[in-house]
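Asker: Dropping a prediction and its sequence here:
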Amino acid sequence: MDGSLHPVHGQRAPRLFVEKGFDATTTRDIAEAVGMRSGSPFYHFRSKQELLKAAMIAGLETGYRRLQAASEDIVDPAQRLRVMIRVHLGNLLEGDCQVPMLLYESRALDAAARAEIATVTDRYQETWQATLDELAAIGKLRSSAAPLRLLLFGMLNWSSQWYRADGALSLDQIAAAAADLLLM
């Protein structure tokens, strides 16, 4: 089977989950989006939930690779945090990224699938926590306690609700403002 028609890798099916919501997206919608017959996406996945889980994991993995590529060689933790914030906002808001669905559709999955996604999410967040810990150790953050990381993600992720590409603020400006809120 042509890999470009794969329901996750083509990104057309996951985009439906973002645009219509998981519950409103039918298996027929998925098949039409990827140019298959109605049952064909389930040659790859046993259910719509499994497809959603795979799309979420693929989105997290892509975001993690982008984050690592952009930040791994930056020695200064303050500069690294600035880059990480910008990359995260880019993952959320630029291009054909499917990350916004991660924020809202995981409730459609069972506990085992949510646990798998949590494992991948934890790996993504470990990089952030390490940088926050470095910043606290050198006095550039008041604290690197876990609530700070979670609040940071809440703040950044919520931008998907209000950010407009044609709005008054660029992603670079938003990223700089977010970093300035944290850094001392």
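Answerer: Thanks, I have it.

Asker: now the lengthiest helix in the chain, how far from the chain's geometric center?
Answerer: Determined from DSSP state H, the single longest helix within the chain is helix 111-137. Its chain's C-alpha centre and that of helix 111-137 lie 12 Å apart, by Cα atoms, centre = their mean, to the nearest Å.

Asker: Just the buried residues of that helix, please?
Answerer: Judged by neighbour count using 16 or more other Cβ atoms under 10 Å, the buried positions of helix 111-137 are 113-114, 117, 120-121, 124-125, 127-128, 131-132, 134-136. Backbone N, C-alpha and C define where each C-beta goes, glycine included.

Asker: repeat for stretch 58-69
Answerer: Buried positions in stretch 58-69, judged by neighbour count with 16+ other Cβ under 10 Å: 58-60, 63-64, 67.

Asker: cool, stretch 79-90 as well?
Answerer: 80-90.

Asker: Identify, from those residues, the entry nearest to Ser160.
Answerer: Closest approach to Ser160 among these (Cβ to Cβ): Leu89, at 9.2 Å.

Asker: check contacts around Leu148.
Answerer: Each residue near Leu148 by Cβ atoms under 8 Å, 6 or more residues apart in numbering is listed here: 132, 141, 182.

Asker: So the first one is in contact with Leu81, correct?
Answerer: Yes: here Leu132 lies in contact with Leu81, judged by Cβ atoms under 8 Å, at a distance of 7.5 Å.

Asker: Report the contact partners of the closest residue in space to Arg66 that isn't next to it in sequence.
Answerer: Leaving out its chain neighbours, the residue that sits closest to Arg66 by Cβ to Cβ, 6 or more residues apart in numbering is Val87, at 5.6 Å. Going by Cβ under 8 Å, 6+ apart, Val87 touches 63, 66-67, 70-71.
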